[in-house]
Each structure stands twice: as structure tokens, then as C-alpha cells.
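1. the following comprises the amino acid sequence and a computationally predicted model.
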Amino acid sequence: MIKRKRYIFTGIVQGVGFRPFIHRVAKEHSLSGFVQNRSDGVVVEVEGSVEALDDFIREVISRPPPLADISRFSQMEVDVLQDDEFRIITSRKGDRGEVHIAPDIAVCDECLHELFSPPDRRYLYPFINCTNCGPRLTIIRGVPYDRENTSMACFPLCPECEREYENPHDRRFHAEPTACPVCGPSLSFLDSEGNVVSTKNPVREAKDALLRGDVIAVKGLGGYHLAVDATDDIAVIRLRNRKYREAKPLAIMVKDVEHASMIAHVGQKEKDLLLSRERPIVLAKKKENTKISPHVAPGMAHFGIMLPYTPLHHMLMDERFFALVMTSANHKDEPICIANREAVSRLRGIADFFLVHNRDILVRCDDSIAMIAAGKSRVLRRSRGLSPKPVVLGESYPEILALGPQIKSTVCIVKKDCAFLSPHIGDMETPQARDFFHESVSVLQTISECAPKVIACDLHPGYYSSRVSRGMSNHIIIPVQHHHAHVVSCMAENALSGKVIGLAMDGTGYGTDGQVWGGEFLVADEREFERAGHIRYYLLPGGEAAIREPWRIAVSLLQEAYGGAWREVAERLDLIPEKRHYEIFDRVMKLKINSPYASSLGRIFDAVAAIMGLRRHVSFEGQAAMELEAIAVKDTDVDLPFGLFEKEGLLLLDLIPSIRELTEAFLRRVPAEEIAFAFHQTLRRAFIVATETLREKTGLHRVVLSGGCFQNRVLLEGCVMDLEDAGFEVYSHSLVPTNDGGISLGQAVCAGARIKRGV
Ligand code: ZN
Ligand code: ZN
Ligand code: FE
């Protein structure tokens, strides 16, 4: 009995060797028919005996190719056509897209083997790739994912590559970016002015320059890196000075996990993460006395380490380098450079040489960052290797575009049960970053093939994205409160629905009362929230300026703690840079000039670091808090009290008693390591007491942890442990960042839930 069936597969099923795989399985079971890439998925029709058809689908579902991710498939019986063979037919563009573009994937072992085998025709060819590896998102211009819709369109295949491309049994069958030295892109080496340096071996030139201590701009998958020898103090300092990057940690690349283990504590889970095909930068605890320059990550507990992920990286990382600094090539607050001419002009004065190629990068994509905490991997920046793989939601929503927050920004499109997040955009402080924001929206619309009419944005009226939303007159605009978005983003990635207790602890976000929130206890579902409690307000003197100068926040907290005696304490702490600041401060605080109320936990971390003399000025957001975490290593008897009380139904957590006590301890010369440890312990205790109080009030036992403060591993691991011990179901971030990089997902799902239920 002969039957014919039609299947439509959706998910990551294009550009990952899915058609050759289908072709092979169909042939194995002597089925005729066809497979075709379309915008609505991969369509397969197979004809044969009933048993063969059953075997076919069983095999497809159970053993898809390594990079494929079938999110859904449909099947129906159709009329028998009596085809005599199984064919792969050319793509056609349909009306609605259901095809997901794969992220960029690290070079696979087979390609790597060929890269370093002298007889291979791609020996030392830095653009080697196959269906199982190589660039995807970053070379895409449109869908369907075919060579003519990528930046490889201008490289016609040579006869030999063509043969591989057409051969269903070849690893490069329909590998869209496939290339060889005859037909593909090539490298060149440029001087600081962008003039081509005549050489047969650009990679060797680059390596020699690195050994001399030069700064090299290297074109990668999603943008340029700036590279220097990570063991060379002078080179690292030179890079910092030229980039005006005072202290922010720099990522490093090492050859393999053995090298990573020499500089950091790399457990099995860190190893797996380093070696994963997404190849993120992995934050791993530093070892003492390594070869790495102390200027790479000053004051930090961790190194950000990654392994080579492009063939070019493997060629660069030879035995002469122990490690390279590989940091995004950009100016402060500007997006990563991608075009050759752009790089030469924007990196003038920074890079001594450029190692470039002529395959265009069409989508900017920074390196992703991840860490292991509480036994799970946690993405802290979701970009190359991860974007645009969707986060699969617990239910379907109408199409929504979420514009994200102001810093660590991403944008997100929700379509049905898939949330597509853009690569990391960054802080929207420069015109270039704003251009990148618009670019990211249009990339997402292209790859998700929709242009949502519902727009979610932050409640903050001053955010760039909120201003953009006000200009979108024929759209429905749904503002979402920042900390509610944090909680919903964590719910979304955990496919949670219904009411939860949400702890949103972060830097700053605009509250419904117009004040600066950031230490929030919410009772929330996807649609709505109630502010059940928060860290007791304190004044944030000078508003935004306080973020860069944490000593101002410290003074504000000391005033609360000591009243009129604050001056004396501040003097003993040597907290205030100049005498005249005392008078100014008194006035500012009395008259509350430009001083909103804040409940931010992040800013309290900053203040504690300032009180302890760790840092009075910060050069990047979160720096003081990260340094405090780095030294919180020493167990102690120091016990910091806190207050928890209810006022008009609102739970208020008062950390001023802790501030007073830790100041006393510091003045008693208790070691900073002990005080920092005690402060973390205090937060754990305070959170558990507050959360238990809310459980009694609401009967809820699911707790969601979100916000940038939970990047702090000491705090996250402590809270997860305490809350689980107390019988809570605890949910934290893993797939999307707990920082503001996850906000767009929360905004989108919140808006989607409101639209769905007619709000
Ligand atoms: Zn490969
Ligand atoms: Zn070729
Ligand atoms: Fe936030």
C-alpha cells in the first residue's frame, strides 16, 4: 500500500544541513518525493510504503542534524504522485515566516582538521566552514536563508565548491557560506591608515605585530576585536589608554581549556561552557599569580575567557601567545565596528594594524558572556552564538515588538510562542548606539518576518526607546514598569504563568511614583504587579551623577545613619573629595535639589564600596559592586542588623542599621573582606525574612529572582540556597540576562499577556 505524506517542519531547520539529512533518510527508506526550504518552514513530501513512512518520520524526529532544532511539525496525507526519485527543490518565498535563522557557530572539528591538514585544498584557509559550523546570522540580508540572501552572494562558487554544494552526501551540501581559496573571501593586512601592507601572509604579519606589543584590530564574525598580547603589561595599558577604558575588564582568548585552567578555576561545567559551540566569554574565578597582566581585569574576581571560535582565531592562537586580549572594537558607549572602512576611521589612533577580510558582516554581534552559578549556566550578555535562537515561551502571544531599556539594551519580537531577542545593543548614549538600535529592530523584523503593531516600552519617559515609541502613532503602545519587566522576563524563560513573588534587585528603574526604584518586592503575574515592598527610600543626591560618584550615595546613607554627626564620620572615612562639598551637600540634601528618592540595591552596593574606601568614583556601571563581591570571601562574626517593617501595607526593608554597623566595623579596622562578606550575608537574611513575610500574606510559594544585582554570584547562590531551604520554588535566569539585557523579553511578554486578555 503506497501513501504520500506532507510534512512542514519549523524551527531552526534551514542552513543546518536539514535538507541533505532529509534527503539521506528518504533515500535510505526508498521514499520518493521532495524537500524544499520555504519561508513557512521546510516542506517535505514523501511517498512509499506505510512502514517506510513511519520509519522515516521516527528517524527525522529522533536524530536531527546537530544544529537543527525542530520546534514544531505538521503532517497531512496527500494524493500519491508516483514520483520516481527524491529531490531537493529550490527555495521559494512564501507569505508568512516560520523559519528560524541559526546563530553563528564555532568552527567544527572536521573543518578544523582540514584547516591544519596540508594536503587539504582548504589548508590554512581562514574562511573554511560547513553545514555544521560557521557564520549564519551575521551574514544574513534576508530570508529564506540562501546564499544569494547572504554576504556570500558576491562570491560565486568555483566548480569544485559547486560540486560539494550540490552533492547530498557532502558535508558542504547547501552550506550557504561555503568557500575555498579559489572562490571565497580573503584576508588582508592594513596599516593604521588603512593602506594595504603587501604580504603573502597577513596572519603572520599580525602575529609578529602582536609580539611587538602592537594593538591589532581583527575582523571576526560579528564585528572587530582589538587584540593585544594579554601577558604584556605595556601593551594592555596602551590599549586601555587609547580606548579611554580605565578599568572595565577585558576579555581574553586562550588556545584551549588547559590554558584556561592555568589562569582560572575551571570546573567541568565551565569547561563545557567554554567548549560549547556557542563559545561565549566565560567568567571564571581567577587564580593567583598567573601570566596574565594585572591590567586585564583589575579588582575583579573573574577573568572573562573564551576559546577560539573562527578558523582565523585558531590560526592566530599559536604557541607564541599564552593569551590574547580580545575586546570589542569600539569607542565607549558605541557599538562594535563591522565594516572595513568604518573600522579604519573609527579606530584611528587605537589600532596599529588591521587584519581584515572582504566578507561583509551584515549584523553586528558582540561576544556573548556567561557564567556558572548555583550549578547552572547563566547568560549575562546574549549575542553571538545565541541570538537569534528564540526563547520558547509557555504559551502563544500576538505579535509584539519590545524596545527594551536604556542601558545593556536589547530589543525583542514575540511571535506565537517564540521570543526573538536581538544581539546586545548596549547603552543608548551615543548617536551610533541609537542607529544600532534601529538597525536591530529592522534585523529582527526581517528574520521574524513580521512588523508588529503592538509596541512595548519602558515606563521611563526619558529613555530613547520610549521617545521612539511616542513617534509610532499608528501603533498600540504599552509601557511596562522596569522591575515588572525584570520579573516577567524571568517568568518567561522559565515558562511560568500566574502569580509569583518577584525580587527585582538592580541599579535603577523608573517607578510608578516617579522615584528611582531598584530594590523591589513585587507580587506579580505576567500582566500586572503590586509593589508589595521595597528597600526603604534614601535620597540619591545629584541624581544620575551619583551613579558615577558613589561617595555621594555613601554620604546620603551616612546622613540617615548618623544624622548631624555624619560630617565627622565622613571625615574619618576620608569620604569627601573636597572640603567645599560639605556645604554643598548640606544644602542639596536639605532642599532636595535634583535628588530623587531611591530604593536601588545596586546603588547601596556602590555606597558600601565607597564607605570601605574601595572606590569613590566608578568608570563603569556595577564596578563598585563587582569589586565588593570580589573581596567577599572571608567568613566573619560581624553581624549587620537590618530593619523590616510594614507601613500602610507596604513592606519596608531598612538597610540603614547595616550601613551604620559596617561603618563602625570599618573604622574599627575589621578587614574589608569580612565586612563585604557580612554585607552579602545580611542581604540574604533580609531577603529570606521579607520573602517569608510575603508568603504568609499571599500564600504564594514561587519566587522569581531578577535584576542586575543577581549577576553577583555570592548573592545569587546564597539566595537560591536559602529560599530553597525555606521551601520556596525558586526561579532565576539562565537563558537571558538577569541584567537589563533581559528587559525586552519581559516587556514583550507582559504586553502580549495584556493584549491577549483585553487590557
Ligand atoms: Zn564545519
Ligand atoms: Zn571554491
Ligand atoms: Fe534593571
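-> Nice, I can see it. Ligands and ions are numbered 1, 2, ... in the order given.
2. what is the residue nearest the centre of the chain paired to in the beta sheet?
-> Closest residue to the average C-alpha location of the chain: residue 381 at 1.7 Å, with Cα atoms, centre = their mean. Listed by DSSP bridges, the beta-bridge partners for residue 381 are residue 369.
3. residues touching it, list them.
-> 281, 366-369, 408, 424, 737, 741 (Cβ atoms under 8 Å, 6 or more residues apart in numbering). (Glycine included, C-beta is placed from N, CA and C.)
4. which of those residues sits closest to residue 17?
-> Distance to residue 17 across those (Cβ to Cβ) is lowest for residue 368, with 23.1 Å.
5. host element of residue 34?
-> For residue 34, the enclosing helix or strand under DSSP states H and E is strand 32-38.
6. counting by contacts, list what that strand packs against.
-> helix 18-28, strand 41-49, strand 86-92 (3 or more Cβ pairs under 8 Å, 6 or more residues apart in numbering; DSSP states H and E).
7. sorry, back to before: PyMOL command for the buried members of the contacts of residue 381?
-> Restricted to buried positions by 16 or more other Cβ atoms under 10 Å, the PyMOL selection for the contacts of residue 381 reads:
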select buried, resi 281+366+367+368+369+408+424+737+741
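8. how about the contacts of residue 381 in JSON lines, adding distance to ligand 3 and secondary structure?
-> Formatted as JSON lines, those follow (distance: Cβ to the ion, whole Å; DSSP: H, G, I helix; E, B strand; the rest coil):
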{"residue": "281", "distance to ligand 3": "21", "secondary structure": "strand"}
{"residue": "366", "distance to ligand 3": "19", "secondary structure": "coil"}
{"residue": "367", "distance to ligand 3": "22", "secondary structure": "strand"}
{"residue": "368", "distance to ligand 3": "19", "secondary structure": "coil"}
{"residue": "369", "distance to ligand 3": "17", "secondary structure": "strand"}
{"residue": "408", "distance to ligand 3": "8", "secondary structure": "coil"}
{"residue": "424", "distance to ligand 3": "15", "secondary structure": "coil"}
{"residue": "737", "distance to ligand 3": "10", "secondary structure": "coil"}
{"residue": "741", "distance to ligand 3": "9", "secondary structure": "helix"}
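9. spatially nearest residue to residue 424 (excluding sequence neighbours)?
-> In this structure, residue 424 finds its nearest non-sequential neighbour in residue 383, 4.5 Å apart by Cβ to Cβ, 6 or more residues apart in numbering.
10. residues in contact with the one you found?
-> Residues counted as contacts of residue 383 (Cβ under 8 Å, 6+ apart) are 222, 365-368, 423-424.
11. list the buried residues in the lowest-mean-pLDDT helix or strand in the chain.
-> Least confident helix or strand of the chain, by mean pLDDT, DSSP states H and E, is helix 580-591 with a mean of 78. The neighbour-count check on helix 580-591 (16+ other Cβ under 10 Å) flags 581, 585, 588-589 as buried.
12. relative to residue 421, how far out is the residue in the stretch 51-200 of the chain that ligand 3 sits nearest to?
-> Per Cβ to the ion, residue 103 is where the stretch 51-200 of the chain lies closest to ligand 3, at 24.8 Å. Between residue 103 and residue 421 the computed distance is 11 Å (Cβ to Cβ, to the nearest Å).
13. spell out which parts of this protein neighbour ligand 2.
-> 158, 161, 180, 182-183 (Cβ under 5 Å from the ion).
14. could I have the buried ones of these as ChimeraX selection syntax?
-> Typed into ChimeraX, the line below selects the buried ones among these, using 16+ other Cβ under 10 Å:
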select :161,180,183
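15. and residue 9, what does it touch?
-> Taking Cβ under 8 Å, 6+ apart, one finds 18, 41-42, 44, 60, 70, 72-73 in contact with residue 9.
16. only the buried residues of the biggest helix by length in the chain, if you could.
-> Determined from DSSP state H, the single longest helix within the chain is helix 672-698. Buried residues in helix 672-698, counted by 16+ other Cβ under 10 Å: 672, 674-691, 693-695.
17. likewise stretch 619-634?
-> 621-632.
18. that older thread, and which of the contacts of residue 9 is nearest residue 514?
-> residue 72 (44.1 Å).
19. could you pull up phi and psi at the closest one?
-> phi -160, psi 160 (degrees, to the nearest 10).
20. so it bridges to which residues?
-> The residues that residue 72 bridges to, once DSSP bridges is applied, are residue 10.
21. one step back: out of the contacts of residue 383, who's nearest ligand 1?
-> Using Cβ to the ion, the contacts of residue 383 come closest to ligand 1 at residue 222, 18.0 Å.
22. I'd say the closest one and residue 368 touch.
-> No. Residue 222 lies out of contact with residue 368 (Cβ atoms under 8 Å); the separation is 9.7 Å.
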